[in-house]
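S.K.: Here's a sequence, model it:
(chains A and B)
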There are 2 protein chains.
Amino acid sequence: MLRCTACGREYSLRKPYQRCECGEPLELELFEGFAGIGKSVWERFIQFFPFELDLDLSLGEGDTPLIRARKLSKKLGIQLYLKNETVNPTWSFKDRGTFLGIHRVLQLGFDKVGTVSTGNMAASVAAYASRAGVKAYILVSSNIAEEKLKQIAVYGAEVIKVRGDYGKLYYESLKLGQKLGIYFINSDDPFRIEGYKSISFEIVEEMMPDYVIVPTSSGGLIRGIIKGFLELKKSELIDRLPTFVCVQAEGCSPIYKAFIEEKEKIERFENPHTIAHAIENPYPPSGNAVLRLLKKLNGICVAVSDEEILNAQRMLAQEGIFVQPASATGIAAVKKLREEGRIKGDERVVSILTGAGLKTLHQLGRFEVREFEMEKLEECLLKS
Amino acid sequence: MLRCTACGREYSLRKPYQRCECGEPLELELFEGFAGIGKSVWERFIQFFPFELDLDLSLGEGDTPLIRARKLSKKLGIQLYLKNETVNPTWSFKDRGTFLGIHRVLQLGFDKVGTVSTGNMAASVAAYASRAGVKAYILVSSNIAEEKLKQIAVYGAEVIKVRGDYGKLYYESLKLGQKLGIYFINSDDPFRIEGYKSISFEIVEEMMPDYVIVPTSSGGLIRGIIKGFLELKKSELIDRLPTFVCVQAEGCSPIYKAFIEEKEKIERFENPHTIAHAIENPYPPSGNAVLRLLKKLNGICVAVSDEEILNAQRMLAQEGIFVQPASATGIAAVKKLREEGRIKGDERVVSILTGAGLKTLHQLGRFEVREFEMEKLEECLLKS
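M.R.: You can find the predicted model right below:
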């Protein structure tokens, strides 16, 4: 059964429902169970997923490293851990959700899948669709950079450039999908959320955090992570919840704006502009759902500037992990919350590093590099 | 004790020896042990490594997925598995070797590390050096593309462009390193080899292959993989060895050339030219060592064309994994060996996918993409 996150109305699992008539996103019930033994998180937490998972469709998503930040922990006086989602099969957290989403597609008997994305999700859906042998339609905006297009098209999906208001395409795609028998695994699809839960399971296998920091765009990721923790608590595998921190870029922060203004609904963010393109969604489809969760669970919402983001990106590279700007927002937020005294000394913080910096190389500035003749190399090395 | 792979001469571990006076590479003895329980391969195979490993220096390298090739297995009538090294922390297999290499640096009490590379290894050394807090010098060729430079410089290493014969820089760097107290973790450093063994351990934890296919440049990777299997056999954890296949690109194939001409030593490959830049080494420092191993163990050597490589890259993307051209050489080789009947029906083959395609996006050709107004989207989806 799928249930509306707002009004509670129920929908059958037999049909491809994704959003309630009231406009809000649907979700599955809270699963309960215990943790088992297995190589993959899908096997260890098998009781928490809505299907029997076909591991032959898996590309090995999930089970990513939780890395202690050596320098930042010391600098900030906290225990900071980095959940490195950049080492997923298509180098972002999206793969966890796509893996579940592809199961949903096959369960419904569909042979066509789609998504609306120009970035991480597009590549992820293209890859898994190809693996599962279903046709994929990836709807991108017409001004997509050639570099991004290649990351998607290489997997063999049909990429379609759409001219017009790209913000409306999310809703348009769901309508067309219902009509044409294409399942659009968009950013906050109920089954995508089920995949993201696995991040919470893996974190708790290693440690119990005081804070979990989540860069937030559509709201799908943070919804999944919160659902994971709620299920662990309901199953009595943990006895308390961490504080959830929703992070947005100042230049596109509709959830943050509604949060500080104590509104119940987000409004479209006009003229968005941030370097963190992967979270630049002016009208997040799960925005209201995230607001409800933050309110209910005493969560926090933070917005950070492009300058803070770029600074955080450099700091993460010094820890050994090169992320895209959107993924660095979490660290910028941690720094801010620590300076404000919200996060206390020695508290345990996990920040989700959502996607690889390799995907956004063009956004890096130039670096100073010295140049020498080979004969002068010794001199050069002595001097530096 | 370090021992020469050719003449057997021994060297103390207390000093930073890397190559024998006879010119050939050194290596550590064959370790023996049993497999234990642990989250990381470093913990499970702790008895096989030369140090107590400091997991706080780890970025979560290794423990990569072994993925069944669904389409290619069927097409070629074999059981083909893909060892996906593109999901390592800096998105190539190099991280396994660098992790061990950094331990060697610290063991020797050095505070400076270097490498000669413009690609995967450069990024890897830069990342781990930064994490470990040692200064890193990355020597790149002066014509390095800005895109590649960024992937290295972002980690905060000192990148130095060197004008002159880049091929000689490997030997020059070792000399200068000894003199100036900089440990150059180059491609076939004895401790790097120890890190690559972990690939073999992980494969055998899941299945026993008939063939292991390794894209080969310096020779460091295949030497490590072979050493891993030899140690497993010596430890009686396996009862036979797979057939090892060394793959080179036709456009730069010094090991292949010496192998088919049944020579004992490689010669410098003149005017190398291949799309597989990551394995474009005209004078591989472990070339002779690889020849000796292939001869002793009845290994195979194959060379593949750029066209075959690009074709294999596309086929891998259809399985869901986007690799750099060098990493696709293995699949091109498998296809060739299968067509020649060298690999028999239903045999079990593991191909090592060495590095991520994101690193070489510029090498992908253009893709055909349709473009529509949003109002025409339904029509477009119906037609395709």
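S.K.: Tell me if I'm right that residue A:372 and residue B:162 touch.
M.R.: Yes. Proximity of residue A:372 to residue B:162 meets the contact threshold set by C-beta atoms under 8 Å, at 6.0 Å. C-beta coordinates here come from the backbone N, C-alpha and C atoms, glycine included.
S.K.: So for those two, which sits in the more crowded spot?
M.R.: residue B:162 (24 against 18; other C-beta atoms under 10 Å in any protein chain shown).
S.K.: near chain B, which residues of the stretch 101-250 of chain A?
M.R.: Residues of the stretch 101-250 of chain A found near chain B (C-beta under 8 Å from any C-beta of the partner chain) are A:123, A:127-128, A:130-131, A:133, A:137, A:139, A:142, A:146-147, A:149-151, A:153-156, A:158-165, A:168-169, A:172, A:176, A:179-180, A:182.
S.K.: same thing but 7 Å
M.R.: With C-beta under 7 Å from any C-beta of the partner chain as the criterion, the stretch 101-250 of chain A meets chain B at residues A:127-128, A:130-131, A:137, A:142, A:147, A:149-151, A:153-156, A:158-164, A:169, A:172, A:176, A:180, A:182.
S.K.: quick one: which of the residues you listed sit in strands?
M.R.: Per DSSP state E, strands hold the following members of those: A:137, A:158, A:159, A:160, A:161, A:162, A:163.
S.K.: what are the phi and psi angles of the one residue in the stretch 201-350 of chain A that gets nearest to chain B?
M.R.: Chain B sits closest to residue A:320 of the stretch 201-350 of chain A, with a gap of 3.8 Å, by C-beta to the nearest C-beta. Residue A:320 adopts backbone torsions of phi 110, psi 10, taken as degrees, to the nearest 10.
S.K.: do residue A:125 as well
M.R.: According to degrees, to the nearest 10, residue A:125 has phi -60, psi -40.
S.K.: Model confidence score at it, please.
M.R.: According to the prediction, residue A:125 has pLDDT 98.
S.K.: where's the closest residue to it other than its chain neighbours relative to residue A:188, distance?
M.R.: Leaving aside its chain neighbours, residue A:125 sits nearest to residue A:115 (4.3 Å; criterion: C-beta to C-beta, 6 or more residues apart in numbering or on different chains). Going from residue A:115 to residue A:188 by C-beta to C-beta, to the nearest Å gives 12 Å.
S.K.: next one: residue A:32
M.R.: Residue A:32 is 23 Å from residue A:188, where distance means C-beta to C-beta.
S.K.: same thing with residue A:380?
M.R.: From residue A:380 to residue A:188 the distance is 53 Å (C-beta to C-beta).
S.K.: where do the helices sit along the stretch 151-300 of chain A?
M.R.: Taking DSSP state H, counting those that start in this stretch as the test, the helices found in the stretch 151-300 of chain A are A:169-180, A:190-206, A:220-234, A:254-260, A:287-296.
S.K.: okay if I get those as TSV plus mean pLDDT and distance to residue B:315?
M.R.: Conversion of the helices of the stretch 151-300 of chain A to TSV gives the following (pLDDT from 0 to 100; distance: least, C-beta to C-beta, whole Å):
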stretch	mean pLDDT	distance to residue B:315
helix A:169-180	92	29
helix A:190-206	98	27
helix A:220-234	98	32
helix A:254-260	98	42
helix A:287-296	98	41
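S.K.: any chance of these in JSON lines, with mean neighbour count too?
M.R.: As requested, those are exported to JSON lines (neighbours: other C-beta atoms under 10 Å in any protein chain shown):
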{"stretch": "helix A:169-180", "mean neighbour count": "18"}
{"stretch": "helix A:190-206", "mean neighbour count": "24"}
{"stretch": "helix A:220-234", "mean neighbour count": "24"}
{"stretch": "helix A:254-260", "mean neighbour count": "21"}
{"stretch": "helix A:287-296", "mean neighbour count": "21"}
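S.K.: now check stretch A:345-354, is it near chain B?
M.R.: No. Using C-beta under 7 Å from any C-beta, we find that stretch A:345-354 stays clear of chain B, coming within 10.9 Å at best.
S.K.: returning to what we had before: surely the residue nearest to residue A:125 is in contact with residue A:138?
M.R.: Yes. The pair residue A:115 / residue A:138 is scored as a contact, 5.9 Å apart, by C-beta atoms under 7 Å.
S.K.: Overlap of the contact sets of those two?
M.R.: Taking C-beta atoms under 7 Å, 6 or more residues apart in numbering or on different chains as the criterion, residue A:115 and residue A:138 both touch A:122, A:125.
S.K.: hey, where'd the strands end up in the stretch 1-150 of chain A?
M.R.: A:2-4, A:10-11, A:26-28, A:66-68, A:79-84, A:112-116, A:135-141 (DSSP state E, counting those that start in this stretch).
S.K.: Centre of the chain to the second one, how far?
M.R.: For strand A:10-11, the gap between its own C-alpha mean and the chain's C-alpha mean amounts to 26 Å (C-alpha atoms, centre = their mean, to the nearest Å).
S.K.: Note down every partner strand of it and its orientation.
M.R.: Its sheet considered, strand A:10-11 pairs with strand A:2-4 (antiparallel) by DSSP bridges.
S.K.: swap in the third one?
M.R.: Pairing partners of strand A:26-28, with direction, according to DSSP bridges: strand A:2-4 (antiparallel).
S.K.: I'd like the mean pLDDT over the strand it pairs with, please.
M.R.: For strand A:2-4, the mean per-residue pLDDT is 98.
S.K.: show me where the stretch 201-350 of chain A has strands.
M.R.: A:211-215, A:243-249, A:300-304, A:348-353.
S.K.: I'd like the mean pLDDT over the second one, please.
M.R.: Read that as strand A:243-249. In the prediction, strand A:243-249 has an average pLDDT of 98.
S.K.: tell me what that strand is packed against?
M.R.: Under the contact criterion of 3 or more C-beta pairs under 7 Å, 6 or more residues apart in numbering or on different chains; DSSP states H and E, strand A:243-249 touches strand A:211-215, helix A:220-234, helix A:254-260, helix A:287-296, strand A:300-304, helix A:325-339.
S.K.: Format those as CSV; extra columns: distance to residue A:314.
M.R.: Output for the helices and strands packed on strand A:243-249, formatted as CSV (distance: least, C-beta to C-beta, whole Å):
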stretch, distance to residue A:314
strand A:211-215, 17
helix A:220-234, 24
helix A:254-260, 23
helix A:287-296, 28
strand A:300-304, 14
helix A:325-339, 8
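S.K.: To residue B:67, which of the ones you listed lies closest?
M.R.: With C-beta to C-beta, the closest approach to residue B:67 among the helices and strands packed on strand A:243-249 belongs to helix A:220-234: 23.7 Å.
S.K.: Give me the helices and strands touching the closest one, please.
M.R.: By 3+ C-beta pairs under 7 Å, 6+ apart, helix A:220-234 packs against helix A:190-206, strand A:211-215, strand A:243-249, helix A:287-296.
S.K.: just the angle between it and helix A:190-206, please?
M.R.: Here helix A:220-234 points in a direction 60 degrees away from that of helix A:190-206 (axes from the mean of the first three to the mean of the last three C-alpha atoms, to 10 degrees).
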